[in-house]
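Participant: Using only what follows, build the 3D model:
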Amino acid sequence: MKPYGWDIEFDQWIKQQLDKRDIQSIVNYEKNKLGLMAAPTPDHYVPLIYSLALMNEDENIEHTFEEMLPAFSNRGFRIG
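Facilitator: Next up is the predicted model:
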């Protein structure tokens, strides 16, 4: 099955925010036009925020895994 398109767009937005270290935008994801569509309930989204809360300012973020399914992004990253 192919992703819908909006799911890819939101995943790329998340990746960009991680790369820019724009944690505030990630926390306020619902302000993104696709935020509530991609994460209508926060239960699968909150672990991302918890992980970023443990990050020190000088630590790198490395994307380690990317997979897209319809309406589902499976993104892995490493901090440090």
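
Participant: now the helices: where do they sit in the chain?
Facilitator: 6-20, 23-27, 35-38, 46-53 (DSSP state H).

Participant: Rounded mean pLDDT for stretch 61-73, please.
Facilitator: Mean per-residue pLDDT for stretch 61-73: 95.

Participant: How far does it sit from its chain's centre?
Facilitator: Taking CA atoms, centre = their mean, to the nearest Å, one finds the center of stretch 61-73 at 9 Å from the center of the full chain.

Participant: could I get that stretch in CSV with only the CA atoms?
Facilitator: Presented in CSV, the C-alpha positions along stretch 61-73 are these (Å, rounded to 0.1, in the frame of the first residue of the first chain):
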residue,chain,number,x,y,z
ILE,A,61,20.3,13.9,16.4
GLU,A,62,20.9,11.1,13.8
HIS,A,63,18.1,9.6,11.8
THR,A,64,18.5,5.9,11.9
PHE,A,65,15.3,4.5,10.3
GLU,A,66,12.6,5.8,8.1
GLU,A,67,9.6,3.8,6.9
MET,A,68,6.2,5.1,5.6
LEU,A,69,3.0,3.1,5.6
PRO,A,70,-0.4,4.6,4.8
ALA,A,71,-1.2,7.1,7.6
PHE,A,72,1.8,5.8,9.6
SER,A,73,5.4,7.0,9.9
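
Participant: Now tabulate the helices of the chain in CSV and tack on mean pLDDT and distance to Ala71.
Facilitator: C-betas here are computed from N, CA, C, even on glycine. Converted to CSV, these look like this (pLDDT from 0 to 100; distance: least, CB to CB, whole Å):
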stretch, mean pLDDT, distance to Ala71
helix 6-20, 97, 5
helix 23-27, 97, 19
helix 35-38, 95, 8
helix 46-53, 95, 17
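
Participant: Perfect, that will be all.
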